[in-house]
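K.L.:
output the structure for:
(chains A, B and C)
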Amino acid sequence: MNYSWDWGLLFRSPHIDWLIEGFRNTVVMAVLAWFIAMSLGSLIGVMRTLDNPVAKRVGTIYVEIFRNIPLLAQLFLWYYVIPELLPAAAQKFVKRDMADPQFWTSVVGLGCYTAARVAEQVRSGIQSIPRGQRAAALAMGFSTAQVYRYVLLPIGFRTVIPSLTNDFLGVFKNSSLALTLGVMELTAAARQIEEYTFHSFEPFAAATVLYSCVTLLVITLMRVIERRTRIAGSVGSGR
Amino acid sequence: MGFDWNVIVNNRGLLFQGLMVSFQLTLVAIVGGMALGTVLAMCRLSRFRVLAVAAGFYVNFLRSLPLILVIFWFYILTPQIVGHPIDAYSSVLIAFTLFEAAYYCEIIRAGIASVKAGQVNAGLALGFGRWHVMRYVVLPQAFRNMLPVLLTQAIIMFQDTSIVYVVGVRDFLTTADVVANSNNRPVELYSVVAVTFLVICFTASRLVGRLQRKYAL
Amino acid sequence: MIEVTNVSKWYQQFQVLDDCSLTIRKGEVIVICGPSGSGKSTLIKCMNGLEPFQKGEIKVDGVSVGAKGTNLPRLRSRIGMVFQNFELFPHMTVRRNIALPQVKILGRTRDEADARAVKLLERMGLPAQADKFPAQLSGGQQQRVAIARALAMDPVAMLFDEPTSALDPEMINEVLDVMVALAQDGMTMAVVTHEMGFARRVADRVVFMDQGMIVEDATKEAFFGTPRSERAQLFLSKILQH
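P.N.:
Presented below is the predicted three-dimensional model:
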C-alpha cells in the first residue's frame, strides 16, 4: 500500500478549526439532547409505573413509537415532515426564522429518541425495588408524589446508573447521525477534511481517537459517581 | 398543501426491493456478528490472558465508536487496503459484521455470567469435566437467558441498517429518499418508512416479549 | 474413606482453614457444625476438590484430591454432593436431572438411567414428579431430587453442605428423614448442618469448627454430654436455647 502520511495536515488551518468545531458540536448536541432525554425520559418512565391507566398507556405509546423507528428516519421526520404538518405561523418560524435549524432539529430528535430508552431504564429501576418499600412509605403517610421523591426515585436511579451511562454514550455516538442533516459534527468534519485533502486515514483516525477518549473519560467518571452514590449493603457494594 | 399517496403505490416495487436489502443486511450481520461474537466471548473468558485482553480491547474499542464512523472507515479504507475498489454493499457488510460482533460478544458473555456459580459446582461435583459442564449445564441456561437480548439486538440492528444511507447503499430508507427527491414528495415517503419500521419492529418486539415469558427459567 | 491431613487454605491474606485434620471411615456419619464463617462449608468442598487448598493433603479412597495428576471428574463422580441451594439444573426435567450424569459420565444407556431415576424417586417419596421441572417443586422436594441425583451415581460417600438451611421449617423433616434412612443403610456421610436432632439420631461423631480450626472431634455422646472446649459449649447453649 503506498500512502503518503501527513499527520501535520490535521493541525493546519482550516482543518484544525473544522475538527474543533466538529468536536464542539458533537459534545454540545450530546449534552443538550441528554438534558431532554433525562427530563422527558424520567417523566415517561415514572408514568409507566403509576397506577393510573391513562398515564401508563401514554407512556407505553411514547416508548413504543420512539423505540421502534430508526433514529435516522426520526431525524428525517423531524426535519422534513413535521414542519409541513404545523400551522402556517409555526411553519414560517421553523422554516425561515429559526437559527441553525439542522442543529436544533438534531438535538430535539436525539433527545426524544433517547428519552424512550431512559424511560425504560427508569421504569425498570423503579420496578426492581421490592414492593414492600412502596407499601412502607405509603404506610407512613407519604403521598404518591412523596413516595417517588423520597423513596423510589433515589433508589431507582442509583440502580440504573450503569445503564444510563450506556445511554449517554449512545447519545454521544448517535449525534454523528446529525451529519445527514448537514450539521458539522465530528464525523462530518473528518469527512470534510478527507474531501479537501484526499487524505482519509489521518482525519478519521483523529475522529476515532476523540470518540474513544470521550467514552473512556465518561466511563471512568461514572465509575467514580457510582461508587460515591452506592448504598451500603446493596448488590455490588464493596466487601 | 395536499398529500399524494400515489407516489408510494407507483414505486412500491422499488421500495419493496429496498426493504429486502435491509432484511438481507440484517440477516448477514446477525449471522456474521454472532459467529465472530461467540469467538470473541470465548476469547474474553479464556484462561490465556493475551487472548482475553486482546478481545476485551477490540470489544471496548469498537463499542466506543459510532456505527457511522465505522461504516466510513471501511467504505473509504477497504479499497486502499485491498488495492482495488470494492462496492459499497460489501464494505457495509464487513463493517456491520465487525461492529455487531462487539455487541454480540458482550451479550453472550453476560449470558454465560448469568448462570450461577452453584450450578457449575453442582455439575463438577457430579463428575462432569469443564467442557461437559459448559455444554450441558451452562450454555443451555445462558442461551435461554440471553435469547430475548439477542433478538432485541437483532431488532436494533434492523433499525441500524438504515445508516447505510450515508454511503448510498440502496436499503429501504435510501430508496425512499431517492424516490422522495425525484418526485419531490418527502412527507409521504418518510412517513411510510417510519410507519413500516414501526409496524415491523413493534410486532417483532412483542413476539420477543411473548417468547421471553414462555422460555423464562 | 476420607482422610484430611493438616489442610490449610487462604483467600489472599485471610486464612479460612487452619491445619485441619479429620478421618471419616467407611460407613461412618460425621456431622460438622460451628458458627457461620467457621470454614465448615469450605472444608467439605475441599474434600471433592471444588475448593483448592494450599497446604496439607486430602485422600479419598486412597486417591489424593490435591495432587496434579488426579482425575478430578472421576473422583467427584464417586462422591455425591448435596448443596444448600439444591442446584438442580433448571432447564431439565427431574428425570433428566437424574439421568443425564449417569449417561454422560457412567456410560449407562438412557433406559437404564431412566429406570434408576424412577426407582430412586420412589425411594425419595416422589414417584409422580419425574416429568416436572425443578421450579415446579417445593424446596423440600427439590432437595430430595438432588439427593436422588447424587445417589444415582452409586457414590462411595456423600457430602451434604447445609442441606436444610434454605428450606422452610415444615420441609426440613422430609429431607432429614431421607438422610436418616440413608445413614441407617450404612452410607458414608459428611454433613454440615445445624440440625442437632439429626446429629443426635445418626451421627457417629460430631466435629466442631471455629475460625477455620477443628476445635473438637468427638463421639456424639461426648459432644452433647460434656464438650471439652468452651467455644463448643457456648455454641451449643446458643443453638439449643429454644
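K.L.:
now do the helices in chain B.
P.N.:
B:6-10, B:12-44, B:49-63, B:67-82, B:88-113, B:117-126, B:130-132, B:139-160, B:172-183, B:186-215 (DSSP state H).
K.L.:
just how off-centre is the shortest one within its chain?
P.N.:
Put plainly, it is helix B:130-132. Put simply, helix B:130-132 sits 30 Å off its chain's centre (C-alpha atoms, centre = their mean, to the nearest Å).
K.L.:
how about it: buried residues?
P.N.:
Within helix B:130-132, the residues that count as buried by 16 or more other C-beta atoms under 10 Å in any protein chain shown are B:H132. C-beta coordinates here come from the backbone N, C-alpha and C atoms, glycine included.
K.L.:
and the most centrally placed residue in chain B, what is it in contact with?
P.N.:
Nearest to the mean C-alpha position of chain B, by C-alpha atoms, centre = their mean, lies B:M157 at 3.8 Å. Counting by C-beta atoms under 8 Å, 6 or more residues apart in numbering or on different chains, B:M157 touches B:T26, B:A29, B:I30, B:G33, B:F96, B:E100.
K.L.:
confidence score at the spatially most central residue of chain C?
P.N.:
Centroid check for chain C by C-alpha atoms, centre = their mean gives C:F160 as the closest residue, at 1.5 Å. For C:F160, the model assigns a pLDDT of 96.
K.L.:
since we're on C:I105, how many residues are nearby?
P.N.:
18 (other C-beta atoms under 10 Å in any protein chain shown).
K.L.:
wait, it sits on B:A125?
P.N.:
No - here C:I105 does not reach B:A125: they are 11.4 Å apart, not a contact under C-beta atoms under 8 Å.
K.L.:
buried residues, the lengthiest helix in chain A. List them.
P.N.:
Using DSSP H to define each element, chain A has its longest helix at helix A:15-49. Neighbour-count burial for helix A:15-49 flags A:15, A:18-19, A:21-23, A:25-27, A:29-30, A:32-34, A:36-38, A:40-49 (criterion: 16+ other C-beta under 10 Å).
K.L.:
same check, this time on stretch C:191-204
P.N.:
Of the residues in stretch C:191-204, those buried (16+ other C-beta under 10 Å) are C:V191, C:V192, C:T193, C:H194, C:E195, C:M196, C:F198, C:A199, C:V202, C:A203, C:D204.
K.L.:
can you give me the offset of the helix or strand encompassing the first one from its chain's centre?
P.N.:
Taking DSSP states H and E as the criterion, the element that holds C:V191 is strand C:188-192. Between the mean C-alpha point of strand C:188-192 and the mean C-alpha point of its chain there is a distance of 5 Å (C-alpha atoms, centre = their mean).
K.L.:
output the contacting helices and strands for that strand.
P.N.:
Packing partners of strand C:188-192 (3 or more C-beta pairs under 8 Å, 6 or more residues apart in numbering or on different chains; DSSP states H and E): strand C:29-33, helix C:40-47, strand C:157-161, helix C:169-184.
K.L.:
now the very next helix or strand once past the second one: mean pLDDT?
P.N.:
Note on helix C:40-47: by DSSP H and E, the next helix or strand toward the C-terminus is strand C:55-60. What strand C:55-60 shows for mean pLDDT is 93.
K.L.:
could you check whether strand C:55-60 is close to chain B?
P.N.:
No - using C-beta under 8 Å from any C-beta of the partner chain, strand C:55-60 never reaches chain B; the gap is at least 12.6 Å.
K.L.:
and the most centrally placed residue in chain A, how far from A:F76?
P.N.:
By C-alpha atoms, centre = their mean, chain A has its centre lying nearest to A:V171, at 3.3 Å. Going from A:V171 to A:F76 by C-beta to C-beta, to the nearest Å gives 18 Å.
K.L.:
if we can go back for a sec, just give me the closest of the contacts of B:M157 to B:V133.
P.N.:
For the contacts of B:M157, the closest approach to B:V133 (C-beta to C-beta) belongs to B:G33, at 26.7 Å.
K.L.:
show me what contacts that closest one?
P.N.:
Here B:G33 is in contact with B:F96, B:T97, B:F99, B:E100, B:A101, B:Y103, B:Y104, B:M157 (C-beta under 8 Å, 6+ apart).
K.L.:
around chain A, pick out the residues from chain B.
P.N.:
That would be B:1, B:61, B:63-69, B:72-73, B:76-77, B:80-81, B:83, B:155, B:159-160, B:162-163, B:165-166, B:173, B:177, B:180, B:186-187, B:190-191, B:193-194, B:197-198, B:201-202, B:205, which are the residues of chain B within reach of chain A (C-beta under 8 Å from any C-beta).
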